[in-house]
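Okay, here's the prediction I keep looking at, along with the sequence it came from:
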Amino acid sequence: MLREIDLSEISDGKLYTGNDMVKADCRGCAGCSSCCQGMGSSIILDPLDIFRLTGHLSKSFEQLLEEALELNVVDGIILPNLKMTGKDERCVFLSPDGRCTIHKARPGFCRLFPLGRYYENHSFRYFLQIHECPKPDKSKIKIKKWLDIENFRQYEKFTADWHYYLKERQEIAMHSEGREGANLVKKLSMDILRQFFVRPYDRETDFYTQVYARMEKAGEGTL
């Protein structure tokens, strides 16, 4: 999601790398699920999230859309997000006792919280959101450990590359006008959905190899 932020208003004013320590550890959250409720359509998913969820749940993207995901326009492009349900707008994967039922395969957005990413120069650094998590007395933890993702360096590279890949297309979408522009935006969205989310990934092949091959084809205009 493209947005302008003032770090002085939402963070401690510092930018961090994956090897830095931050006060983010809630020690298991102890039943608190504030960040799993009332999030609207903000928990946007990337191709790795879908790869992990479809594998963990043994379901296709289409099946997840019927049960747990929805599609919304994000800066001009249609993308999937986790669905919130009920009067409390609880994440569909939140158990009655307030625990995540997909914790092992939880999306990157969930792993990141209460951190955010500040993108610049085709890379990013992390910042700590100081008003988002209500849990008191957090402990310090290394960001890399907090995110708990294998092949961390490769994951960070993909996260940055996917952000800028989308940003380029979102900017095209937001500046497109008229019927021709509307048709272009529709094609961009459908291509992204089909190639990066609907089209299955080979579970026996490295995810990053597959997704970069798809991004390269998209860059060549062969989607």
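Now that the structure is in, tell me what you want to look at.

who's in contact with the closest residue to residue 17 other than its chain neighbours?
Nearest residue to residue 17, sequence neighbours excluded (C-beta to C-beta, 6 or more residues apart in numbering): residue 125, at 6.2 Å. No exception for glycine: its C-beta is placed from N, CA and C like everyone else's. Taking C-beta atoms under 8 Å, 6 or more residues apart in numbering, we find residue 125 in contact with 15-17, 117-118.

Repeat that for residue 135.
Residue 135 is in contact with 26, 29-30, 32, 34, counting by C-beta under 8 Å, 6+ apart.

ok, and the most crowded of those residues?
The most crowded member of the contacts of residue 135, judged by other C-beta atoms under 10 Å, is residue 26 (19 neighbours).

list the contacts for that one?
Listed by C-beta under 8 Å, 6+ apart, the contact partners of residue 26 are 32, 133, 135, 138.

Tell me the bridge partners for residue 72.
Applying DSSP bridges to residue 72 gives these bridge partners: residue 79.

So it sits against residue 81, correct?
Yes. In this structure, residue 72 is within contact of residue 81 by C-beta atoms under 8 Å, at 5.9 Å.

what's the overlap in contacts for those two?
With contacts defined as C-beta under 8 Å, 6+ apart, the residues shared by residue 72 and residue 81 are residue 41.

Same drill for those two, tell me which one is more crowded.
Under the criterion of other C-beta under 10 Å, the comparison of residue 72 against residue 81 puts residue 81 first, with 20 against 13.

which SS class is that one?
Under DSSP: H, G, I helix; E, B strand; the rest coil, residue 81 falls in the strand class.

Which stretches in the protein count as strands?
Here the chain has its strands, by DSSP state E, at 21-25, 69-74, 77-82, 84-85, 90-91, 115-120, 123-128, 139-142.

Those strands into CSV, with extra columns for mean pLDDT and distance to residue 194?
Shown next, in CSV, are the strands of the chain (pLDDT from 0 to 100; distance: least, C-beta to C-beta, whole Å):
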stretch, mean pLDDT, distance to residue 194
strand 21-25, 91, 36
strand 69-74, 96, 12
strand 77-82, 97, 11
strand 84-85, 94, 25
strand 90-91, 94, 26
strand 115-120, 94, 26
strand 123-128, 96, 27
strand 139-142, 93, 38
